Structures are given as C-alpha cells and as structure tokens.
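**Student:** the sequence isn't on hand, but the structure is:
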Ligand code: IMP
C-alpha cells in the first residue's frame, strides 16, 4: 500500500539515485515515471561506480522489481546497451519490466533535437540532444510509437511510415537534410531490439497496482527535477515531461491518494545545466562557485557539461515544497561545503527594490531577481565520516536547521559523501 516518491527539487543532478538506492532496501518495486536517457544517476557500491540512465536504481537489489513506466520515453538501443553493460558487471537485469505504453525514442527524434537546437542558435535550450523533446512532441501530436507497437510488425511499420511522412518533410524542407527510410528503421529496431526486449514488456500499470494491493512498498523515482518541469519549471528552459510528484499519477497510472510520502532531494547548494534563469548563480570565475564545481565534480554524468553553480535557494525550495507536496527533504553533498569559510543561503529575492519571499510567477521578474543572502560561518571540518547527527560540526548542524526553518519541512537524511554509507539520518 505505501507509495513513496523521490523527486528532485532544484534543476536536476541532486543525487536522487543515491537516495532512491538507499530507500530501495525497504521497497519491492522501483518505478521510473518520466524522462528518458537524459537522466544520469550515479550510484557507488563498494567503491564501484555505476552510471545508469534509464533503468531504475532499484535494479541493484535482488528483491526489487525495477519498472520503466508508461510516462518514460525509451530509446530501445540505449536501454539494451545499459542492460548489457549492467549484466556484464554482474547485475541481474532479468526482473526489469518495461511498460508497453511507454513511447519510443527513435533515431529521427535525436536528429530533430540537435537540429532544433542548432536552429535556435544563441537562444538554444541546451538540451541533452537525446531526442526527449521530439519524442514527447510526437506523443502529444498522437504520432508517437509505443513499445507495444513493436509487438505487431504490421502496425509498427504502418505507424513508422505515417509519422515519417510528416517528419521527413520537416527534415528535408525545413532543415535541408536527407529523408529517413521507415522500413530501414523498422528492420533495425525489430532485428536488433525486439527479441531481447520482449520478455521485459509488461502491463506496468496493473503490476504497480497489484504490488500496492498486496501491501508492498513501491518507490517512484523521478528524473530531472521540479524546476525542469514542463509546466512548473523555468519554461522554455525545461525538459518535456513532468518530473514533479504529480507526474507519478500520469506517468505510472496511480491516483494521488496512493502517495503516502514525498521525499524531495536537494543539494546543499544548487547547480543547473543548460540555459535559463538562476537567481543565486555564481558565475564563471567566482571563487566559491568554481570550488563548488571542482569539489562537487559538477560535470554532467551524461554529457560532461560543466554545471552552473550557486548557493542554496530557499525561495525556490519553498515553491518546490508546495508543488510536490513534499513531506520531507534529503540534503545531498553537504561535504562539498566542508572547506568554505562562509556558507550562504538565499532566503528572499530583491526585485525592483522590493523584498520578495515567494517565487514570482512572471519569469521576467525572476530574471531581474537578486538574491538576499543569510550568511553562516563555515565549519571547515571534514564531514565525510559522519554517520550520526551529532557527528556533524555544530555549524553544519546550524546550517541544516536554518535550512529546515526556511523551507518548512523536516530534513530526514543528509549525505556526506558519494558512498552508499555516507549519510546520516537527521533529526532536528
Ligand atoms: P532535455 O531534457 O534533453 O530536452 O533538456 C532540457 C533541459 O533539461 C536542458 O537544460 C538540460 O540540460 C536539462 N536536463 C535534462 N535532463 C537533465 C538531468 O538529468 N539533469 C540535469 N538537467 C537535465
């Protein structure tokens, strides 16, 4: 019966994978509900680093059924590669379930993603170029191709021909590219992917409900984050799905009343990749920002891009609490701040001479917002061995308490290093 959602509360890369993995011990099922291989979750097990993009983090536990829900967009070649690479490293992927209703990312989606970005020039969004936006656009246009379509060759070919009759016009007439051959794509997908994926294709909605009905604990694992949400993020600098907790209902097929716990994951500071407003940003060359990037190794798991750093933003976090109905927060990468003399937290914005404590709905105001900081003395102590709240330096404790007070929900976990065991159960 209990359903827990793990959701990113900033602009992604908060370390959701680690906490999903941590909570997974109590779970029977871990379900991805949106996004695709634009996500990159890193999990360190016994010093060995695993980077996964599509397969839910629960795959690392033998007692868990990992499920890719209907709201995910799936590149079948990427999924197979990821399955193979995990298998080669001794991880059993045989329990993986893939929703028949999930939409496929096919080669033209990736091509269109790159072409759209190039077309936008300086106004580009900075997408991961994985074809996410074009695949969701096809889904909304009702010309998308679903995983289940692969199971009927005639339908699969018909749908590919239908969608490419339009997409090829865009490729050739708008972008001056060569048209793609529907049968060639169909041949490749069916011959290289179908046999291996078939045993995993499932009715994910009923699987999830059967687990909940049986009293099993199900974890819904968000990718990307609240401020990359298509509806609630800093549009258009967002992804094309709904990472917020509400996205679980559509992306996995459950009603809101099933959700009993919503854990927001937040870094002790903030990072963002790609373009878009970021009030507490520390620009290139800023000493503190450069140190966050260096110490926190803030480069994309997938794309290798340098992430934009900034101080923790409590204004955005208060909004994230509301949008997601957060019941608690887990703070990651606290240890990255271990050597800072002063730690700052943005508690409000100044916009046109006024103090503002709520996120302005008008994005132009967000672009003009300057952060109002509260400053905390740094703890200048290595926190990476802390496993109990009172192992933390009093100033680190004070920072967490101030953060809780600003945000209005309890912190329950704080991570003090990348390892699976480097965290504390925090009680304020
Ligand atoms: P897309 O999801 O590839 O379309 O990219 C849209 C925006 O979301 C870009 O700014 C990306 O950098 C950002 N984005 C997508 N996935 C992630 C992620 O997993 N972490 C952080 N940012 C992401």
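**Tutor:** Arrived safely, thanks for sending. Just so it is clear, the model here is predicted, and its values are computed rather than measured.
**Student:** before we move on, could you check phi and psi at the residue of the stretch 251-400 of the chain found nearest the ligand?
**Tutor:** Using CB to the nearest ligand atom, residue 274 is the residue of the stretch 251-400 of the chain that sits closest to the ligand, at 2.2 Å. Heads up, the C-betas are built off the backbone N, CA and C, glycines and all. Main-chain dihedrals, residue 274, degrees, to the nearest 10: phi 80, psi -180.
**Student:** then residue 332?
**Tutor:** Residue torsions, per degrees, to the nearest 10, at residue 332 are phi -110, psi 160.
**Student:** show me what it is bridged to.
**Tutor:** Beta-bridge pairing for residue 332 (DSSP bridges): residue 267.
**Student:** per-residue pLDDT of it, please?
**Tutor:** Note on residue 332: pLDDT of 96.
**Student:** my guess is it contacts residue 13. True?
**Tutor:** No: look at residue 332 against residue 13 with CB atoms under 8 Å: they stay out of range, at 9.4 Å.
**Student:** need the overlap of contacts for the two.
**Tutor:** The contact sets of residue 332 and residue 13 overlap at residue 267 (CB atoms under 8 Å, 6 or more residues apart in numbering).
**Student:** more neighbours, those two?
**Tutor:** More crowded of residue 332 and residue 13, by other CB atoms under 10 Å: residue 13, with 29 against 25.
**Student:** show me the contacts for the more buried one.
**Tutor:** 40, 267, 271, 273, 298, 300-301, 307.
**Student:** do that again at 10 Å, thanks
**Tutor:** Residues near residue 13 by CB atoms under 10 Å, 6 or more residues apart in numbering: 39-42, 224-225, 265, 267, 270-273, 296, 298-302, 307, 332-333.
**Student:** now, of the residues you listed, which are buried?
**Tutor:** 39-42, 224-225, 265, 267, 270-273, 296, 298, 300-302, 307, 332-333 (16 or more other CB atoms under 10 Å).
**Student:** do you know how far residue 119 is from residue 177?
**Tutor:** Here the criterion is CB to CB, to the nearest Å. By it, residue 119 lies 12 Å from residue 177.
**Student:** shared neighbours, those two?
**Tutor:** residue 112.
**Student:** give me the contacts around the one helix or strand residue 66 maps to.
**Tutor:** If you go by DSSP states H and E, residue 66 is part of strand 65-68. Contacts to strand 65-68, defined as CB under 10 Å, 6+ apart, come from residues 24, 27-33, 36, 52, 54-60, 74, 79, 93, 95-99, 102, 147, 200-202, 204-205, 207-208, 211, 216, 218, 220-221, 252.
**Student:** one more time with 6 Å
**Tutor:** For strand 65-68, contacts defined as CB atoms under 6 Å, 6 or more residues apart in numbering pick out 29-32, 55-56, 58-59, 95-99, 204.
**Student:** the following helix or strand past that strand pairs with which strands, parallel or anti?
**Tutor:** Proceeding N to C from strand 65-68, the next assigned helix or strand is strand 73-74, under DSSP H and E. Strand 73-74 has the following strand partners under DSSP bridges: strand 103-104 (parallel).
**Student:** what residues does the partner strand touch?
**Tutor:** Under CB under 6 Å, 6+ apart, the answer for strand 103-104 is 73-74, 135, 139, 144-146.
**Student:** quick one on the thing from earlier: how about the residue of the stretch 251-400 of the chain closest to the ligand, nearest residue that isn't a chain neighbour?
**Tutor:** residue 126 (2.9 Å; CB to CB, 6 or more residues apart in numbering).
**Student:** among the contacts of strand 65-68, which one sits closest to residue 313?
**Tutor:** Taking CB to CB as the measure, residue 313 sits nearest to residue 32 out of the contacts of strand 65-68, at 26.5 Å.
**Student:** thought residue 55 was touching the closest one, still the case?
**Tutor:** No: if you go by CB atoms under 6 Å, residue 32 and residue 55 don't touch, sitting 8.1 Å apart.
**Student:** so which of those two has more stuff around it?
**Tutor:** Per other CB under 10 Å, whichever of residue 32 and residue 55 has more neighbours is residue 32, with 30 against 25.
**Student:** which residues touch the residue of the stretch 1-150 of the chain found nearest the ligand?
**Tutor:** Of all residues in the stretch 1-150 of the chain, residue 12 sits closest to the ligand, at 2.6 Å by CB to the nearest ligand atom. Each residue near residue 12 by CB under 6 Å, 6+ apart is listed here: 224-225, 228.
**Student:** check residue 338 too.
**Tutor:** Residue 338 makes contact with 382-383, according to CB under 6 Å, 6+ apart.
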